[in-house]
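> fold the following and give me the result.
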Amino acid sequence: MKILQLCKKFPYPPKDGESIAILNLAQSIAAQGSDLDLLAMNTSKHFFAAESTPKSLQFYQSIATVGVDNRIQIKAALLNLFTQKSYHIQRFESPAFRAKLIQLLKEKTYDLILLETLYLAPYIDTIKKYSTAKICL
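Numbering: from 1, shown residues only. I've put the predicted structure just below:
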């Protein structure tokens, strides 16, 4: 089975519950014989230098990161009051991340796309447009 795991932050180092859960799930999936790729946002708050990826993450077939500035911005937060969207989720919407996701979906056929958290829900329509994979949140 070919699986693409999407994360709102790079899950290393495993220093909080979210990172620990993501890595434990990923290791378990890979141990069952699935091919697992990772696409993670590299945010300013949880920035990780991708070139220093440790050997302990070798269970991933490929790792891709995209820089995403998801800092809270006063103007954007105020303007969001006049929309139907959640500002907390909207901060994780990124054209660059969407473009990388589309690229990966065009390059490889996945059986499952694993969304790690509700913050990645805005990408469901993109996944459905470019893939026939099952989507799991």
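
> chain center to stretch 85-103, what's the gap?
Stretch 85-103 sits 10 Å away from the centroid of its parent chain (CA atoms, centre = their mean, to the nearest Å).

> tell me the buried residues in it?
Within stretch 85-103, the residues scored as buried using 16 or more other CB atoms under 10 Å are 91-94, 97, 100-102. Just so you know, the C-beta spots here come from the backbone N, C-alpha and C atoms, and that holds for glycine as well.

> what residue in this structure is the furthest from its centre?
Phe82 (27.4 Å; CA atoms, centre = their mean).

> show me what the longest helix along the chain is packed against.
Counting residues, the longest helix in the chain under DSSP state H turns out to be helix 17-31. Where contact means 3 or more CB pairs under 8 Å, 6 or more residues apart in numbering; DSSP states H and E, helix 17-31 is packed against strand 2-7, strand 35-43, strand 112-116.

> just give me the closest of the buried residues of stretch 85-103 to Cys136.
Nearest to Cys136 out of the buried residues of stretch 85-103 is Leu101 (CB to CB; 15.4 Å).

> give me the neighbour count for the closest residue to Ala30 other than its chain neighbours.
Counting by CB to CB, 6 or more residues apart in numbering, the nearest residue to Ala30 once its immediate chain neighbours are dropped is Phe59, at 3.8 Å. Residues lying near Phe59 (other CB atoms under 10 Å) number 15.

> ok, now which ones touch Phe59?
By CB atoms under 8 Å, 6 or more residues apart in numbering, the contact set of Phe59 is 26-27, 30-31, 36.

> distance of the residue farthest from the centre of the chain from Leu36?
40 Å (CB to CB, to the nearest Å).

> same deal with Lys45?
If you measure Lys45 against Leu36 using CB to CB, the figure is 25 Å.

> equivalent analysis for Thr126, please.
Thr126 sits 20 Å away from Leu36 when distances are taken as CB to CB.

> which one of those two is surrounded by more residues?
Leu36 (22 against 15).

> bridge partners for the more buried one, pull those for me.
On the basis of DSSP bridges, Leu36 is bridged to Ile3.

> for Tyr60, which non-adjacent residue is spatially closest?
Nearest to Tyr60 is Leu38, by CB to CB, 6+ apart, at 4.9 Å.
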